[in-house]
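Novice: Give the three-dimensional model of this entry:
(chains A and B)
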Amino acid sequence: MAVEGIGARALRKEDKRFITGKGKYTDDMTMPGMGYAAFVRSPHAHAKVKGIDASAALEMPGVDAVLTGDQLVGNGIGNLICGWMIHSKDGSPMKMGGWRALEPEIVRHVGQAVAVVVADTQAQARDAADAVVVDYEELPAVIDPLAALEAGAPQIHPEAEGNLIYDWEIGDEAATNAAFEKAAHVTRMEIHNNRLVPNAMEPRAALAGYDAAEEHYTLYTTSQNPHVARLVLSAFYNVAPENKLRVIAPDVGGGFGSKIYIYPEEMVCLWASKRVGRPIKWVSDRTEAFLTDAHGRDHRSEAELALDADNKILGLRVKTVANLGAYMSLFSSSVPTYLYATLLSGQYDIPAIHANVKTVYTNTTPVDAYRGAGRPEATYLLERIMETAAREVGLSPAEFRRKNFIRSFPHQTPVIMCYDAGDYDATLDAALKAADYDGFAARKAEAASRGKLRGIGLSCYIEACGIAPSAAVGSLGAGVGLWESAEVRVNPVGSIEVLTGSHSHGQGHETTFAQLISERFGLDTNAVSIVHGDTDKVQFGMGTYGSRSGAVGMSAIVKALDKVEAKAKKIAAHLMEASEGDIQIEGGELKVAGTDKKLTFTEVALAAYTAHNLPEGMEPGLKEGAFYDPTNFTFPAGTYVCEVEVDPDTGKTEVVNFVAADDFGNIINPMIVEGQVHGGITQGIGQALLENASYDENGQLLTASYMDYCMPRADDVPSYNLSTHVTACPGNPLGMKGCGEAGAIGSPPAVINAITDAIGDNNLSMPASPEKVWALYHAGLKQAAE
Amino acid sequence: MYETTYHKAGSVSEAASLMANADDGKFLGGGQTLLPTMKQRLAAPSDLVDVTKIADMKGISANGDGVTIGAATTHFEVSTSDLVKQKLPGLASLAGGIGDPAVRHMGTIGGSIANNDPAADYPAALVALGATVVTSKRELAAEDFFTGMFETALDEDEIVVAVKFPGAAASAYAKYPNPASRYAMAGVFVAKGSDGSVKVAVTGAGQNGVFRMSDMETALAGNFSPDAVAGIAPDANDLLSDIHGSAAYRANLVTVMAKRAVQKA
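Specialist: Have a look, this model is predicted:
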C-alpha cells in the first residue's frame, strides 16, 4: 500500500477477509447461551387465524417458548410502519393498514409469520415450528394489482377501501392535455415492469441479546442503516429506548435495498430475547427470503407521448398502478411517487408531464425499494416509449433522442427535479462510437447468414442520487432527514479513524473513503481505518442506499476533514512560528510555503495530544465531526447500447454486446465504479431476460427457489464495454454523482429495445423469456404470410 | 432438514438389508435431488443408505461394442471417460451437460435413473440406446424400467447396480435447458444402431417422463438428416406446461432439439 488518492484503481482493502472466508457476518456472531428462532408462517395468502395450538411443539426437545402475536401486542410492541407520508390528489393521507410482526388475526400473504419458536438449536426450533398447529379459515385472495382495484375484489385491510392506498398525481394535467390536443403524433403503450426478488447473497439474519442487569439490548442484524433501525425500533415499535439499544450491522453480504427496512423477524428476536431470557439468533433460509424480503418493481402503466410535426416532444402522460403487496414496507410509498414520477422527464426537454399513480394492496409479499427504486421503472417506461416513437415516426432512435435532449443547465423539469449538470450528447456520442452503431446493418446481415436475428437497442437514462436534501424530502412527506454524518479521529501517532454513518455491504467504502483521506493528507491508505455499522461507535447516520454514500457520506467526511485540516494548520503554524495561511499540506507533511520548514502529519498529531505547546486557548486533541445535508439530488446519466442475437427456432436471446457510457461526475476509484456498473447491468439484464416473481391465482409464489427463479449467471452476459464522461456535480464538494444503481436503471430498456428490433414486434414484456420471443416472432411471420 | 440416520453400505446385499431394517429408508446416490429435497423439509426419510461407496457399483468397462457403467459412477466420470467418448460420444456429452460441475462430481447415473425426474437427461439416453438396467434382482430393458413421472419398475428394496449400453453407430443429445434450474425443458437423444435402425427419445417435455418419437425414427431410418425431422413434432396435448414453457413451445423445442441432435450425430 501507498498513497492512493482520488482516481487510483486501488485494490479493495476489505477483500482480503472476504475472499479468504474471514468476513464476520451476523450468522458468525455468537452470544453465551443463545437459542435459535424459527417462525411459523402462513401457507395461505389470505386467512383468518382462528387459533394457534403450540402444546405439541412445547413438549419437543430443546424448546423454550412459542410466542404469538397476542403476546407481542400484549407487551405493547407497535405495528410496523411506512415512514413516508403520501397524500392522494384529493388531499387525503395514504391509507396504511396495520402490520404486526406476528399476526394474531388475519394473515395477508403466504409466508407471513404468526408465531415464533425458540429452542436450543436451529433444527429443534424448525422441527417444533412444524408442530405448531394453526387453525386458519381461508379468505378469498387477490394477487393481480388491477384486479385488486376492481369492485368486489377481496378487501385486504379495513383502512384501505377497495385496496387503494393512495391516488396520487404530479405535474400539470391541463397543460399536458393541451399538449396532446395539438400533437402531430401520439405514441401509446402499455408497459409492465415485472416483479423481482432481491436475492442478496447473504440472507437476512439477527442475533438479539438482552442484559437484564443493565436493561440493555444488543442486536446484530443485516442492515444497510443500523441507526435508522435503532430509531424505528425504539421510537415506533417500542421495543427498547434508544439509549438502551445497540444495533450492529457487521459485514453484510449485499442489500440492494432489501436490507433498508425493519422486518418482523429482527424485531421479534429483540423482543423475545427479553421475554424468553436468552439471546436469540435467526437466520433466514432461502425460501423465507423469497417469501419475506421486500420485492421490487411491479408496475402496470399506460404511457402516451405527444410529438409535434418536427418530432419534438410536447408532452408525456402516464397512468401507473403500483403493487405494494400485503403491507406498506418502510419506504414503499415513496418508490412509485417521488422516486419514480419525478424522473419521467429523462434526459429530454419535455414541456408538460402529468402522471397519476395508484398504489394498491394485494395478497403478496410487500414491495419496496430495490436497486434503483422507482428510477428503473421511470427509465424503462420512458426509454421504451422513446424508442417506439422513433420507430413510428421513422427517425433513428439515436437522432430522435438527440433532437429532444436538454442542453442548458440548471434545467427545471415539470416534475419537481432541477437538473444541475450533464452533457447528454457526450455520453450518447461515446456509446454510439463504442458500439459502432453505424456499422449495425452489416452485423445484422452477417447474423442473418447464420440464421440469427440481430437487433440493437438504446437507453438514455437519468437518475437521481445523493439522496437527499432533508428539507425537500421533508416537504414531500419523508419521516426522516437524509443528511449524513462523519467523524474524523486523528490518533496521536497520526493514523486516522473515520467514523461514518454510511454502511458498506459490498460498496467498498473501506477503500474509497480511505482514498479520500489519503489524497487529502498524503497518508498511506493503511494509516486510515473506516468505522461503520455500529450505533455505539458512530453517533448517528442515515445509511447506504440511493447511491448516497459518495455524494452525501463522503461530503460529510470532507466537511470533517476541513475542520481537522484547519486545526492541524493552526497547530503547525504555532509550532513553526509561521502564519497559518502559509501552511500547506503535501505528502504527509505540513510545510511553511517558501521555506524548508516542515512538520510531519504525525508530529502535528502528537503535538495536538501532548498539548505541551498549543496555541493560546486551543483545546487538545485532533478530532472533528460534521453533518452534511445536500442541497439537491445528483443526476447521473448516460447512454447504454445493447446488441442481441435471437435464435428464431427457440426464441433464446443472447446479449452479444453491451456498451455503457456513464456520467457519474468525479470518480474516486474507477475499478470499484466499474464493478458497480457490471453488477448493475447484470441485474438489469436479469430483469429484462430472466427474473420474474410469479404467483398463482391463490397467492402461492411459484418462483420461490432457484429452481424456478432465474438469476443471471456469468454465461448469460457478455463482457461489458464501459466508459465514463465527467461533468462534475456542482452540488457537493467532491463533484460526485453516484454509480451504484445506474446499471440496473439504464439496462432493461436497452435490452428490450434490442430484442423488439431483432424480431420486428414491439409487444414484448419483461422478462423476455424464450417462449415469449419465439411466439411473437412466429406470430409475426404467420401474419406476414397471410 | 429433519433428523435422519446415515448408513454407508459396503455391498449390495448389505444395502438391501439396511433398507429392510429401516423404518422409512431411502437409498442415497450422489444426493443431488434427495438432499436438497430433505433440506427443504419436503422429504423426511428415517434412514439414508448410501450406496455410492460399494466397489461393485463403480466404474466403467467395455462390454462388446458397448459399455457397462456402474450405478455409483458420477456424471463427471462418464463425461470424461475415454471409453464412453469413443464408443458413445452422445452419452459422454450428455453427462457433461448435466447440472453444473458440483452436481456432476457428486451425482450418479444410478441415482439419476432411479429418481426418474421427467426433466433428467439420462432417461433419454437409456431409452434411445436401448440400454439394460441391471438391478440387485434382475435385468430390465430401459423402456420397461421407466414407468412414469418419478416412477420406475424398481421395488422398494431393489437397487440399481449398473447400466449396460450396447454400441451405436452414431449417438447425440441436444437439450434446451430451463434457464433457472438447467434441467431439460426438452432433451432429445438420437441413436443410430449398428444395424441402421434409429431410436429417438425425448426427456423434459413429456407428462409421463421419457418417451420415444416413432415418427422421427421412421423418417430418420430413411434419411438420417436434420431435414427429415424438421416437420415432425409431438402432440402438445401429451406435453408438460409450466411457467417456463407451454406445451406448444415444448413441442417446438422437441423438433428443434431433434434436428440439432441429428446434426451433431
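
Novice: For residue 213, list the residues it contacts.
Specialist: Chain wasn't specified; assuming chain A. Contact analysis of A:Ala213 by CB atoms under 8 Å, 6 or more residues apart in numbering or on different chains lists nothing. In short, each C-beta sits where N, CA and C put it, glycine included.

Novice: oops, chain B please
Specialist: B:Val188, B:Val200, B:Ala201, B:Val202, B:Val229, B:Ile232, B:Pro234, B:Val254, B:Ala258.

Novice: For it, give its distance to chain A.
Specialist: As judged by CB to the nearest CB, to the nearest Å, B:Met213 and chain A stand 17 Å apart.

Novice: do B:His75 as well
Specialist: 18 Å.

Novice: same deal with B:Leu140?
Specialist: From B:Leu140 to chain A the distance is 30 Å (CB to the nearest CB).

Novice: Would you agree that residue falls within a strand?
Specialist: Yes. Applying DSSP: H, G, I helix; E, B strand; the rest coil, one finds B:Leu140 inside a strand.

Novice: if we can go back for a sec, out of the contacts of B:Met213, which are inside strands?
Specialist: B:Val188, B:Val200, B:Ala201, B:Val202 (DSSP state E).

Novice: Identify the farthest-apart pair in the contacts of B:Met213.
Specialist: Using CB to CB, the contacts of B:Met213 reach their maximum pairwise distance at B:Ala201 and B:Ile232, which is 14.2 Å.

Novice: Quick check on those two: which one has the bigger neighbour count.
Specialist: B:Ala201 (28 against 19; other CB atoms under 10 Å in any protein chain shown).

Novice: From what I see, the more buried one and B:Asp121 are in contact.
Specialist: No. The criterion here is CB atoms under 8 Å, and B:Ala201 misses it with B:Asp121 at 10.7 Å.

Novice: Setting aside sequence neighbours, what's the nearest residue to the residue of the stretch 151-265 of chain B found nearest chain A?
Specialist: Residue of the stretch 151-265 of chain B nearest chain A, by CB to the nearest CB: B:Ala180 (3.7 Å). The shortest distance from B:Ala180 to any non-neighbouring residue, by CB to CB, 6 or more residues apart in numbering or on different chains, is to A:Cys710 (3.7 Å).

Novice: helix/strand/coil for the one you found?
Specialist: coil.

Novice: For it, give me its contacts.
Specialist: A:Gly686, A:Leu690, A:Glu691, A:Asn692, A:Pro767, B:Pro179, B:Ala180 are the contacts of A:Cys710 under CB under 8 Å, 6+ apart.

Novice: Roughly how far does A:Tyr166 sit from chain B?
Specialist: From A:Tyr166 over to chain B (counting by CB to the nearest CB), the distance is 32 Å.

Novice: I'd assumed B:Met68 was in a strand, is it?
Specialist: One thing to correct before we go on: residue B:68 is Thr, not Met. Yes. Per three-state DSSP, B:Thr68 lies within a strand segment.

Novice: In the sheet, which residues pair with it? Tell me.
Specialist: Beta-bridge pairing of B:Thr68 under DSSP bridges involves B:Ser61, B:Lys164.

Novice: correct me, but it touches B:Ser61?
Specialist: Yes. B:Thr68 is within contact range of B:Ser61, at 5.2 Å (criterion: CB under 8 Å).

Novice: out of these two, which sits in the more crowded spot?
Specialist: Set side by side, B:Thr68 and B:Ser61 show more neighbours around B:Thr68, with 20 against 11, by other CB under 10 Å.

Novice: distance of that one from B:Ser79?
Specialist: 17 Å (CB to CB, to the nearest Å).

Novice: With A:Val134 instead?
Specialist: In terms of CB to CB, A:Val134 sits 48 Å off from B:Ser79.

Novice: Over to A:Val726?
Specialist: A:Val726 is 50 Å from B:Ser79, by CB to CB.

Novice: B:Thr33 now?
Specialist: For B:Thr33, the distance to B:Ser79 - CB to CB - is 19 Å.

Novice: How many residues are close by the closest residue in space to A:Asp696 that isn't next to it in sequence?
Specialist: Closest residue to A:Asp696 apart from its sequence neighbours, by CB to CB, 6+ apart: A:Leu702 at 5.7 Å. A:Leu702: 15 surrounding residues under other CB under 10 Å.

Novice: give the contact list for the most centrally placed residue in chain B.
Specialist: Central residue of chain B (CA atoms, centre = their mean): B:Tyr122, 1.9 Å from the mean position. Taking CB under 8 Å, 6+ apart, we find B:Tyr122 in contact with B:Leu94, B:Ala95, B:Ile98, B:Ile109, B:Ser112, B:Ile113.

Novice: Would you convert these into TSV that also reports secondary structure?
Specialist: Compiled in TSV, these are given as follows (three-state DSSP):
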residue	secondary structure
B:Leu94	helix
B:Ala95	helix
B:Ile98	coil
B:Ile109	helix
B:Ser112	helix
B:Ile113	helix
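
Novice: Between those residues, which sits nearest A:Ala294?
Specialist: Of the contacts of B:Tyr122, the one sitting nearest to A:Ala294 (CB to CB) turns out to be B:Ile98, at 35.4 Å.

Novice: how much space between that closest one and chain A?
Specialist: 15 Å.

Novice: Quick one: neighbours of residue 75, just the number.
Specialist: Just so you know, I chose chain A. 14.

Novice: not what I meant, chain B
Specialist: 27.

Novice: Report the contact partners of it.
Specialist: Contacts of B:His75 by CB under 8 Å, 6+ apart are B:Ala95, B:Gly96, B:Ile98, B:Gly99, B:Val103, B:Arg104, B:His105, B:Gly107, B:Thr108, B:Ile109, B:Ser112.

Novice: Please indicate which of these are buried?
Specialist: B:Ala95, B:Gly96, B:Ile98, B:Gly99, B:Val103, B:Arg104, B:Gly107, B:Thr108, B:Ile109, B:Ser112 (16 or more other CB atoms under 10 Å in any protein chain shown).

Novice: how about these in JSON lines, adding pLDDT and distance to A:Ser470?
Specialist: Conversion of these to JSON lines gives the following (pLDDT from 0 to 100; distance: CB to CB, whole Å):
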{"residue": "B:Ala95", "pLDDT": "98", "distance to A:Ser470": "61"}
{"residue": "B:Gly96", "pLDDT": "98", "distance to A:Ser470": "58"}
{"residue": "B:Ile98", "pLDDT": "96", "distance to A:Ser470": "56"}
{"residue": "B:Gly99", "pLDDT": "94", "distance to A:Ser470": "51"}
{"residue": "B:Val103", "pLDDT": "96", "distance to A:Ser470": "51"}
{"residue": "B:Arg104", "pLDDT": "97", "distance to A:Ser470": "55"}
{"residue": "B:Gly107", "pLDDT": "98", "distance to A:Ser470": "56"}
{"residue": "B:Thr108", "pLDDT": "98", "distance to A:Ser470": "61"}
{"residue": "B:Ile109", "pLDDT": "98", "distance to A:Ser470": "64"}
{"residue": "B:Ser112", "pLDDT": "97", "distance to A:Ser470": "60"}
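
Novice: Out of these, the closest to chain A would be?
Specialist: Looking across those and measuring by CB to the nearest CB, the closest to chain A is B:Gly99, at 11.5 Å.

Novice: before we move on, what SS does the closest one have?
Specialist: B:Gly99 ends up coil, using three-state DSSP.

Novice: you'd agree it is up against B:Gln32?
Specialist: Yes. Using CB under 8 Å, B:Gly99 is in contact with B:Gln32, at 6.7 Å.

Novice: intersection of neighbour lists for these two?
Specialist: B:Gly107.

Novice: what about the residue of the stretch 151-265 of chain B closest to chain A, how many residues close to it?
Specialist: 20.
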